[in-house]
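Participant: okay, predicted coordinates and the sequence, questions at the end:
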Amino acid sequence: GENVEQHPSTLSVQEGDSAVIKCTYSDSASNYFPWYKQELGKRPQLIIDIRSNVGEKKDQRIAVTLNKTAKHFSLHITETQPEDSAVYFCAAGSSNTGKLIFGQGTTLQVKP
Amino acid sequence: DTAVSQTPKYLVTQMGNDKSIKCEQNLGHDTMYWYKQDSKKFLKIMFSYNNKELIINETVPNRFSPKSPDKAHLNLHINSLELGDSAVYFCASSHGEEVNSPLHFGNGTRLTVT
């Protein structure tokens, strides 16, 4: 079945450093790749998304890259701040199946 | 001014009981979902509805029965609760049925079955 693998499961960085989270997907028909941020005890919220016709997208300190050939995509956070600490989920959506499959999540801790 | 609201926020109950969780969205979205987040934080879709019609049913036990009286509401009724049902249940909505419509999540209902 469809699968999304996300790494690492936990990531600890110093404030000001960059953080990178990587995901791979199995369904080659996937064409939508959102990233959600979930702070402790809160709901997941969309922070950035990318569609398959684009290789890279940037929004201030956040960027996402997509390699369709290799079936992987990554989230890059630059100049990390303590408020970036949260669980981050990648997901892959396929128009064929109509399903959005989430990765297992990455707990990011930014140390002041 | 909550866009997707679900009640209750916390639900503690005993095994074998029946309980319901309600969800309402005021975004005018056509599609609504129920997701289950287990203790390992894994988010898994359970159901999706588009304009009151069931679109996705992800091999969820028959004890779980969603009901959508109109496109702004999607409730979840659970019969004969089991220990393994303990989780956070998130309602969500999206503008369209297409998988590339961003999800708007509710604040979650933490269900604890004792």
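Facilitator: Looks like it came in fine. Numbers count the residues shown, from 1 in each chain, chains lettered A, B, ... in the order given.

Participant: burial of residue 105, as a residue count?
Facilitator: Here I'm looking at chain A. Look at residue A:105: counted by other Cβ atoms under 10 Å in any protein chain shown, it has 23 neighbours. (C-beta placed from N, C-alpha, C; glycine too.)

Participant: that was the other one, I meant chain B.
Facilitator: 23.

Participant: likewise for residue B:94?
Facilitator: 22.

Participant: low-confidence stretches in chain A?
Facilitator: Judged by pLDDT under 70, chain A has its weakly predicted residues at A:1.

Participant: what parts of it come near chain B?
Facilitator: A:31-32, A:34, A:36, A:38, A:42-46, A:49, A:51, A:87, A:89, A:93-95, A:97-100, A:102, A:104-105, A:107 (Cβ under 8 Å from any Cβ of the partner chain).

Participant: can you map out the strands along chain A?
Facilitator: For chain A, the strands defined by DSSP state E cover A:4-7, A:10-14, A:19-25, A:30-38, A:45-51, A:56-59, A:62-67, A:72-77, A:86-94, A:99-102, A:106-111.

Participant: how about those strands in CSV, adding mean neighbour count?
Facilitator: Output for the strands of chain A, formatted as CSV (neighbours: other Cβ atoms under 10 Å in any protein chain shown):
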stretch, mean neighbour count
strand A:4-7, 18
strand A:10-14, 13
strand A:19-25, 20
strand A:30-38, 23
strand A:45-51, 16
strand A:56-59, 12
strand A:62-67, 18
strand A:72-77, 21
strand A:86-94, 24
strand A:99-102, 23
strand A:106-111, 18
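
Participant: hey, which helix or strand in chain B has the poorest pLDDT?
Facilitator: When each helix and strand of chain B is scored by mean pLDDT, DSSP states H and E, strand B:53-57 comes last, with a mean of 83.

Participant: buried residues in it?
Facilitator: residue B:56 (16 or more other Cβ atoms under 10 Å in any protein chain shown).

Participant: not counting sequence-adjacent ones, nearest residue to residue 71?
Facilitator: The chain I'm using is chain A. residue A:25 (5.3 Å; Cβ to Cβ, 6 or more residues apart in numbering or on different chains).

Participant: other chain: chain B
Facilitator: In space, residue B:71 is closest to residue B:51, 5.0 Å off (Cβ to Cβ, 6+ apart).
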